[in-house]
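Undergrad: give me coordinates for this.
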Amino acid sequence: MPTNTLNINKIPLSLYIHIPWCIKKCPYCDFNSHQPKSVIDFNGYVRCLLNDLDGQLAWVQQREITSIFIGGGTPSLLPIKQYRQLFYGIKSRLTLANDCEITMEANPATVEHAPFVDYLATGINRLSLGVQSFDSEKLQALGRIHNRQQAITAIKNAKQAGFTHLNIDLMHGLPNQNLNQALDDLHQAVDLGIAHLSWYQLTIEPNTIFYRNTPILPEDDVLIDIFEQGSKFLLNNYFSQYEVSAWTSENNPQPCRHNMNYWQFGDYLAIGAGAHGKISTPDGIFRFNKSRLPKDYASNQATIGWQKIHNDDMAFEFMMNGLRLKKGIAKHYWQERTGQDWQAIAPTLSKLQQQGLMHIDDAIYGNIQCSDKGFLFLNQVLTEFL
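TA: So this is what the prediction gives:
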């Protein structure tokens, strides 16, 4: 298969940081999160993060960092003092773009985090609050440690502190949830002036408490009604769906820059227990990950799971990310960010276009995107690239 040389300097670079601890493991969660069994050595963990970053500096290739995302676990468990140390260390090692978007996930339970103004002072300029629902009964069923009022208070406090970019996570299809309850969550979010929503259906994942003891979930017809009526409500309130599970206000658009870099096949360094990264090198494109258990990570921050994306898998990898976006992905990114010739994907794209599942803009800098029908059957579209 013909290939071109990767122009690494044209591939944007982000940084992912994983904080692996939670006060309580939620029964639906399959993320790498752990309830601490003893006092956490936060200073030691920050040293590990920076040592980990030192081992990845060769991959930067003089690029600026366009975004940072701090995920978990519950990142707001890391004390503000350690965040100051962490960002001092990051900024002494990396060049951050002037408009670098730095996002931190936070739990609405006020006992877990510092005053929001302190996060702003460290450089964190976007919050993602794990609200999940504004229904206290549903939150209890999900094992969350906050209630409706704490969620509302956290949103108001974040805004008052000066956060102008604020995302909340909302789930639907919750145990015994009906249509009106699901819509009430969206109504509350809009009433609070939220400009970005991650709105997605609860799924039962292996290795979770819910997998072993599955609660009663809504029937399929209810799930369909929730999605259709919820989407209609958001559209009527001037929200647009820009990604499979992400919506942003048309009047104050705030797409998550870090996630956009994922979907547009950019590169990202990754530090922390269980962190996953992707990097382009002169020898090819690689994915990597770190040890999941905090104690293992603390003893050795070496990269594990180092895996090259082979040419035969590149089309699927690229499209699996890019086609999550409603507007698709820029055509020129294919050659620019994979090093492969356009003809490697042209026949499959043409076939899908003839089936009415894809649209390919004729302009040189146009987009590859699913049609409305193709977006509904995204998994079917993606199988064509295997």
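
Undergrad: how about the nearest residue to Lys24, chain neighbours excluded?
TA: Excluding the flanking residues, the one nearest Lys24 by Cβ to Cβ, 6 or more residues apart in numbering is Ile145, at 5.6 Å. Where you see a C-beta, it was placed from the backbone N, CA and C, and this is true even at glycine.

Undergrad: confirm that neighbour sits in a helix?
TA: No - with DSSP: H, G, I helix; E, B strand; the rest coil as the criterion, Ile145 is located in coil rather than a helix.

Undergrad: distance of it relative to Ile23?
TA: For Ile145, the distance to Ile23 (Cβ to Cβ, to the nearest Å) stands at 6 Å.

Undergrad: of those two, who's got more company?
TA: Neighbour totals were compared for Ile145 and Ile23, and Ile145 leads with 17 against 14 (other Cβ atoms under 10 Å).

Undergrad: residue contacts, the more buried one?
TA: Contacts for Ile145 (Cβ atoms under 8 Å, 6 or more residues apart in numbering) come out as 23-24, 107, 109.

Undergrad: could you say what helices and strands the helix or strand Tyr119 falls within packs with?
TA: Secondary structure assigned from DSSP states H and E places Tyr119 in helix 116-122. Judged by 3 or more Cβ pairs under 8 Å, 6 or more residues apart in numbering; DSSP states H and E, the packing partners of helix 116-122 are helix 80-93, helix 148-161.

Undergrad: which stretch among those helices comes nearest Ile285?
TA: Closest of the helices and strands packed on helix 116-122 to Ile285 is helix 80-93, at 23.0 Å (criterion: Cβ to Cβ).

Undergrad: and the angle from the helix or strand following that closest one to helix 148-161?
TA: Downstream of helix 80-93, the next assigned helix or strand under DSSP H and E is strand 96-106. Orientation of strand 96-106 against helix 148-161 (axes from the mean of the first three to the mean of the last three Cα atoms, to 10 degrees) gives an angle of 160 degrees.

Undergrad: pull strand 96-106 out as CSV, backbone CA atoms only.
TA: Written as CSV, here are the backbone C-alpha positions of strand 96-106 (Å, rounded to 0.1, in the frame of the first residue of the first chain):
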residue,chain,number,x,y,z
LEU,A,96,1.6,25.4,26.0
ALA,A,97,-0.3,27.2,23.2
ASN,A,98,-1.5,30.7,24.2
ASP,A,99,-5.1,29.5,23.9
CYS,A,100,-4.4,26.0,25.4
GLU,A,101,-7.7,24.6,26.7
ILE,A,102,-7.1,22.8,30.0
THR,A,103,-10.0,20.7,31.2
MET,A,104,-10.5,19.0,34.5
GLU,A,105,-13.2,16.5,35.4
ALA,A,106,-14.8,17.2,38.8
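
Undergrad: so what touches that strand?
TA: Applying Cβ under 8 Å, 6+ apart, the contact partners of strand 96-106 are 64-72, 74-76, 90, 112-113, 119, 123-130, 154, 165, 167, 256-258.

Undergrad: show me those that map onto helices.
TA: Using DSSP state H, the members of the contacts of strand 96-106 that fall in helices are 90, 119, 154, 257-258.

Undergrad: could you dump the residues you listed to CSV with neighbour count and distance to Tyr242?
TA: As requested, these are exported to CSV (neighbours: other Cβ atoms under 10 Å; distance: Cβ to Cβ, whole Å):
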residue, neighbour count, distance to Tyr242
Ile90, 20, 28
Tyr119, 26, 25
Ala154, 26, 24
Arg257, 21, 12
His258, 24, 14
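
Undergrad: ok, how many other residues are close to Ile80?
TA: Neighbours of Ile80 under the rule other Cβ under 10 Å: 15.

Undergrad: again with Thr203
TA: By other Cβ under 10 Å, the residues close to Thr203 number 12.

Undergrad: just Met314 next, same as before
TA: For Met314, the count of nearby residues is 23 (other Cβ under 10 Å).

Undergrad: again with the one 3 residues further on
TA: Using other Cβ under 10 Å as the criterion, Glu317 is surrounded by 17 other residues.

Undergrad: isn't there a helix covering it?
TA: Yes - inclusion of Glu317 in a helix is indicated when three-state DSSP is applied.

Undergrad: how about the nearest residue to it, chain neighbours excluded?
TA: Ile309 (5.4 Å).

Undergrad: quick check: mean pLDDT of the helix holding Tyr119?
TA: Mean pLDDT, helix 116-122: 95.

Undergrad: sorry, back to before: hey, what's in contact with both of Ile145 and Ile23?
TA: 107, 109.

Undergrad: kindly export stretch 340-360 (C-alpha atoms) in CSV.
TA: Extracted as CSV, the C-alpha positions of stretch 340-360 are listed here (Å, rounded to 0.1, in the frame of the first residue of the first chain):
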residue,chain,number,x,y,z
GLN,A,340,-1.1,7.1,3.4
ASP,A,341,-2.2,7.8,-0.1
TRP,A,342,-5.8,8.9,-0.8
GLN,A,343,-6.4,5.8,-3.0
ALA,A,344,-6.1,3.6,0.1
ILE,A,345,-9.6,4.7,1.1
ALA,A,346,-11.1,6.1,-2.1
PRO,A,347,-12.9,2.9,-3.3
THR,A,348,-14.6,2.3,0.1
LEU,A,349,-15.7,5.9,0.3
SER,A,350,-17.1,5.8,-3.2
LYS,A,351,-19.1,2.6,-2.4
LEU,A,352,-20.5,4.2,0.8
GLN,A,353,-21.4,7.3,-1.1
GLN,A,354,-23.3,5.4,-3.7
GLN,A,355,-25.2,3.7,-0.9
GLY,A,356,-26.2,7.0,0.5
LEU,A,357,-24.3,6.5,3.7
MET,A,358,-21.4,9.0,3.1
HIS,A,359,-20.9,12.4,1.7
ILE,A,360,-17.4,13.5,0.4
